[in-house]
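Undergrad: I would like the atomic coordinates for the input below:
(chains A and B)
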Protein chains: 2
Amino acid sequence: MPAPGEDEVLVKVSHLSLDPYMRGRMSDAKSYADPVAVDAVMTGQGVGHVVESRAEGFAEGDLVTGMTGWQSHAVLSGKELRKLDAVLAPSTALGVLGMPGFTGWTGMTKYGRPQQGETLVVAAATGPVGSMVGQLAKRAGMRTVAIAGGAEKCRIAQETFGFDTAIDHHAFDEVADLRAAIAAAAPDGVDVYFENVGGDVLRAVLPLLNTHARVPVIGTVAWYEGVSTDGPDTLPALWRQVLVKRLSIQGLIIFDHWDDFPAFLDEVAPLVKSGGVTWLEDVAQGLENAPQAFLDMLRGGNLGKQIVAL
Amino acid sequence: MPAPGEDEVLVKVSHLSLDPYMRGRMSDAKSYADPVAVDAVMTGQGVGHVVESRAEGFAEGDLVTGMTGWQSHAVLSGKELRKLDAVLAPSTALGVLGMPGFTGWTGMTKYGRPQQGETLVVAAATGPVGSMVGQLAKRAGMRTVAIAGGAEKCRIAQETFGFDTAIDHHAFDEVADLRAAIAAAAPDGVDVYFENVGGDVLRAVLPLLNTHARVPVIGTVAWYEGVSTDGPDTLPALWRQVLVKRLSIQGLIIFDHWDDFPAFLDEVAPLVKSGGVTWLEDVAQGLENAPQAFLDMLRGGNLGKQIVAL
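TA: A predicted model of the protein is given here:
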């Protein structure tokens, strides 16, 4: 058991967050952050209770969150921890009120810029980013189109998260057929395509974008396990659309935006408390099941925010 | 000779503007504006003197500009005309203080967002957009890298427009070699790629973009006469860069931005008068030579803003 040094806190982790970005840390392909070294503790956000504190402002029993990594106990400096509001379920700090929810909120607030009467398309729509995006868009008066994998997720997208319509991408083998389904669901075209998957969904949506459409790009999970670069080259067609439709395409890595996290909590935490924004969690039991839960999540096997309960 | 109706003005055109966007009006491919009909007057901006006015605020002899089209005389409503400052050469209203200059200024001001110490790359660097972009970037303290076709244009990019360095894209057959030359000219990477050509220059620059790079897209002239879509598909690689580097890609059609034209004139006209921003024109003589001058321009045969003097 590690012991906290000066200004440090020992945390017993109760919930661990699994997020698609972690896949990048398991690869040595150049990216925005260094990979996790072989045999090092896998990085990740956790929630837990303070067991021992040598940092000002933290006492035994406090509920906290921080980058604990995939382990049962973690020593972190007080500056790396945030105390949680005990009114809310602890795991909300990992999903709807954590990094995924904050990513959806930031992408929509800064780059999606929803307007009344416009249309949103988002994939992985029952996930913690997609469900936040859909709910924020709906609150802004947009028509919301969910894309999800399977009939059950489509049902939940509509019933739990209030999407106007939902499309099961498993039902289509061809991009053109998926595109036709999206076009039917978005008869006025697409004003915000919130990109968290890439792949066939991107290819299906691109020609449906309206003039002045916005495309926040927060992930390309469909391509994390390899990309087919078989021709034709579709870059020139995209580029023509960027110009002709004055598209706004903006990559977003949430680590650039932490300064806005308090503003996010101020706006969204009350909505979570009041039920104005809802969430869904998929909880795996035990740290030993984290690797399999992570693999399942990348394949869309989870339903809602993937958590590991320790 | 047409006669002006009520609130209209008859203008004798002295200078006509030739611009790459006109190529799109000569094609029935769906775009942001309708094509010009066969046998209709080709659209375009002109400068001239008022011959007869039935519109308030305009008198015979006034120097004006408006969308005269490719013709010697045009009737336009007073609302479609703008009186020019006679201190400046009339043709400046078509280039450095007209649509191209305004496009460069808008792209840089709104989307390029130049920062001291950063690096700009722009192609067609001696043209009226590229030369404005380069001069504004230099004034903002950026390192400026010109790409131009031929040694003479490279010399002018540096000597006339003050680019720090210039690369002759004719000197490279392979994208990789052009990329190596740009990389050598931009040792700290590229923060703003002002896109007005597409094609090989785009392919060369993309991997050199820095984190948080901005890519205003105002034209893709290299692809106006047809695009090779031979594989591999380079869209996935672009998309990964959008995410990992948080790129900001923004299409711009200047017709969306006319409300900002007075702010542009307020800022840039004094610089043109003082010599703080300079310009270059290539003047073809006679309306009958406009078609050939237009073709030459699309192939890079012009040196500076292409004008037709009538």
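Undergrad: CA only for contacts and neighbour counts going forward, please
TA: Will do.
Undergrad: For A:Lys273, list the residues it contacts.
TA: Remark: with contacts taken as CA atoms under 8 Å, 6 or more residues apart in numbering or on different chains, A:Lys273 is in contact with A:Leu88.
Undergrad: isn't there a strand covering it?
TA: No: using DSSP: H, G, I helix; E, B strand; the rest coil, the assignment for A:Lys273 is helix, not a strand.
Undergrad: Which pLDDT value belongs to it?
TA: pLDDT, A:Lys273: 94.
Undergrad: so how far is chain B from it?
TA: When CA to the nearest CA, to the nearest Å is applied, the distance between A:Lys273 and chain B equals 32 Å.
Undergrad: likewise A:Ser14?
TA: Using CA to the nearest CA, one obtains 31 Å as the distance from A:Ser14 to chain B.
Undergrad: neighbouring strands for the helix or strand encompassing that residue, and are they parallel or not?
TA: Under the criterion DSSP states H and E, the helix or strand holding A:Ser14 is strand A:8-17. When sheet partners are counted by DSSP bridges, strand A:8-17 sits next to strand A:46-53 (antiparallel), strand A:73-77 (antiparallel), strand A:305-309 (antiparallel).
Undergrad: and these as TSV, adding mean pLDDT and mean neighbour count?
TA: Conversion of these to TSV gives the following (pLDDT from 0 to 100; neighbours: other CA atoms under 10 Å in any protein chain shown):
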stretch	mean pLDDT	mean neighbour count
strand A:46-53	97	24
strand A:73-77	97	21
strand A:305-309	96	25
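Undergrad: May I see those strands arranged in a markdown table, with distance to A:Thr160 as well?
TA: A markdown table is the format used below for the strands paired with strand A:8-17 (distance: least, CA to CA, whole Å):
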| stretch | distance to A:Thr160 |
| --- | --- |
| strand A:46-53 | 25 |
| strand A:73-77 | 34 |
| strand A:305-309 | 14 |
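Undergrad: Any buried residues in the worst-scoring helix or strand of chain A on mean pLDDT, and which?
TA: Least confident element among the helices and strands of chain A, by mean pLDDT, DSSP states H and E: helix A:22-25 (a mean of 90). Buried positions in helix A:22-25, judged by neighbour count with 16 or more other CA atoms under 10 Å in any protein chain shown: A:23-25.
Undergrad: Ok, stretch A:86-103 next?
TA: Result for stretch A:86-103 [16+ other CA under 10 Å]: buried residues A:90-103.
Undergrad: next one: stretch A:214-227
TA: Judged by neighbour count (16+ other CA under 10 Å), stretch A:214-227 contains these buried residues: A:214-224.
Undergrad: can you tell me which of these are in helices?
TA: Judged by DSSP state H, helices contain none of these.
Undergrad: picking up where we left off before, CA atoms only for the least confident helix or strand of chain A, dumped as PDB, please.
TA: Taking Å, rounded to 0.1, in the frame of the first residue of the first chain, the C-alpha atoms of helix A:22-25 are listed here in PDB:
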ATOM      1  CA  MET A  22      -7.600   5.200 -23.500                       C
ATOM      2  CA  ARG A  23      -7.200   3.100 -26.700                       C
ATOM      3  CA  GLY A  24      -4.800   5.800 -28.000                       C
ATOM      4  CA  ARG A  25      -2.700   5.500 -24.800                       C
END
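Undergrad: contacting residues around that helix?
TA: Contacts of helix A:22-25 with the rest of the structure, by CA under 8 Å, 6+ apart, involve A:31, A:33-36, A:43-44, A:224.
Undergrad: between these, which is closest to chain B?
TA: A:Ser31 (5.9 Å; CA to the nearest CA).
Undergrad: Could you list the residues of chain A in contact with chain B?
TA: Chain A has residues A:31-32, A:198-199, A:217-220, A:223, A:227-236, A:238-240, A:242-253 near chain B, with proximity defined as CA under 8 Å from any CA of the partner chain.
Undergrad: 6 Å instead, please
TA: Selection of chain A residues close to chain B by CA under 6 Å from any CA of the partner chain yields A:31-32, A:217, A:229-235, A:242-244, A:246-252.
Undergrad: what sits against A:Ile249?
TA: Contacts here follow CA atoms under 6 Å, 6 or more residues apart in numbering or on different chains; on that basis A:Ile249 touches A:215-216, B:248-249.
Undergrad: Include distance to B:Val64 and pLDDT when you put these into a markdown table, please.
TA: Rendered in a markdown table, the data for the contacts of A:Ile249 read as follows (distance: CA to CA, whole Å; pLDDT from 0 to 100):
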| residue | distance to B:Val64 | pLDDT |
| --- | --- | --- |
| A:Val215 | 41 | 98 |
| A:Pro216 | 43 | 98 |
| B:Ser248 | 38 | 98 |
| B:Ile249 | 36 | 98 |
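Undergrad: Looking at those residues, which one is closest to A:Leu10?
TA: Compare each of the contacts of A:Ile249 with A:Leu10 using CA to CA and the shortest gap goes to A:Pro216, at 37.4 Å.
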